[in-house]
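Chemist: can you look at this prediction? I've put the sequence above it.
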Amino acid sequence: MVSELSEGLRQQVLYLLAAVSPLEFARRFLAFYPDEPQTRVLDRAPGFRQIALNCSRQWGKSTVAAVLVVHRLFFVPKSLVLIVGPSGRQSGETMLKVRDFLSTLGIKLRGDGVNRNSIVLPNGSRVVGLPAKEGTVRGFSKVSLLVVDEAARVPDDVYEALMPSLAVANGDVVLLSTPRGKRGFFYRTMTEGERWLRHTGPVTECVRITPEFLERERAGGETYFNQEYLCEFTENGKYLMSESLVRRMVKAKEEPWRWV
């Protein structure tokens with residue numbers, strides 16, 4: 001009887017620990033053992049309402065986001081999570097990771113009957129995957145967590161249309177991407193403002209990619225390689241003026257020089 005009680009108390013402690021720590025939740029409930037950079041992000045995540053991951057291809061940022069999504073769905077009943085990507089396919093890939101983790105938990109899943117790419121849990125929590133189209137992301141309210149995948153490739157007007165959906169629930173935001181030039185809300189998030197947990201994860205953090213593969217990729221050009229694998233915000237010459245120059249011009253117009 002004592003041993004049974006001790007085991008019951010141990011399970012309760014583990015559950016409470018997982019409730020406050022996505023890292024422990026991943027390890028003990030999802031059988032996902034993150035590598036060292038992923039561990040740092042998941043360990044620090046509870047202290048932030050806004051997270052931005054500027055990471056190389058294959059770093060595992062979508063998997064980390066899926067852990068945070070499932071943690072929210074599981075421990076916060078009736079929560080609504082949105083996963084938005086440049087296309088339905090990209091948000092769908094993150095949704096697949098969410099489904100896999102929920103299957104690991106043994107949770108029976110169903111759709112919400114409205115959105116094609118959606119999951120509803122028995123506790124009333126719901127996650128919806130959407131393409132980044134300004135006209136289709138409107139209409140959601142009380143969003144508990146917003147995940148924007150490939151954020152550098154999502155238009156600013158879509159991001160702006162999504163933000164009011166967080167207001168009532170005072171929801172959280174997770175941005176995931178590799179860079180795409182010095183422009184857009186993802187670039188500004190990574191270079192300006194406070195209260196964000198930011199992590200830049202170059203390919204040197206990813207032990208799953210071989211040096212031989214990286215050499216072949218580097219042959220595609222330094223600008224391409226520096227952006228996709230070293231996570232550098234570089235200009236590719238596509239635009240006549242950089243965003244920083246345009247913003248300085250706007251500021252100069254708003255605050256004209258005063259002759260003294």
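Modeler: Done, it's in.

Chemist: burial measure for G201, as a count.
Modeler: Neighbour count of G201, defined by other C-beta atoms under 10 Å: 21. The way it works is simple: take the backbone N, C-alpha and C, and place the C-beta from them, glycine included.

Chemist: how much space between it and A152?
Modeler: Look at G201 and A152: by C-beta to C-beta, to the nearest Å, they are 14 Å apart.

Chemist: got it, and D35?
Modeler: 23 Å.

Chemist: give me the more crowded residue out of the two.
Modeler: Neighbour count, other C-beta under 10 Å: between D35 and A152, A152 has more, with 23 against 13.

Chemist: what residues are up against that one?
Modeler: Counting by C-beta atoms under 8 Å, 6 or more residues apart in numbering, A152 touches 177-181, 184, 186-187.

Chemist: how far away is the closest residue in space to L42 that isn't next to it in sequence from T94?
Modeler: Leaving out its chain neighbours, the residue that sits closest to L42 by C-beta to C-beta, 6 or more residues apart in numbering is L23, at 4.1 Å. Per C-beta to C-beta, L23 is found 19 Å from T94.

Chemist: do D100 as well
Modeler: 11 Å.

Chemist: give me the common contacts of those two.
Modeler: Shared contacts of D100 and T94, counting by C-beta under 8 Å, 6+ apart, come down to A66.

Chemist: strands of the stretch 1-150 of the chain, residue ranges please.
Modeler: 50-55, 80-85, 118-120, 126-131, 143-148 (DSSP state E, counting those that start in this stretch).

Chemist: could I get the full set of helices for the stretch 151-260 of the chain?
Modeler: Chain-ordered helices for the stretch 151-260 of the chain, with DSSP state H, counting those that start in this stretch as the definition, fall at 156-162, 184-191, 211-218, 222-228, 243-254.

Chemist: does V207 touch P37 like I think?
Modeler: No: counting by C-beta atoms under 8 Å, V207 sits too far from P37 to count as a contact (9.9 Å).

Chemist: coming back round to it: wait, the residue nearest to L42 touches R44, no?
Modeler: No: counting by C-beta under 8 Å, L23 sits too far from R44 to count as a contact (9.1 Å).

Chemist: quick one: which of the two has more around it?
Modeler: In this view L23 and R44 are compared by other C-beta under 10 Å, and L23 has more residues nearby, 22 against 14.
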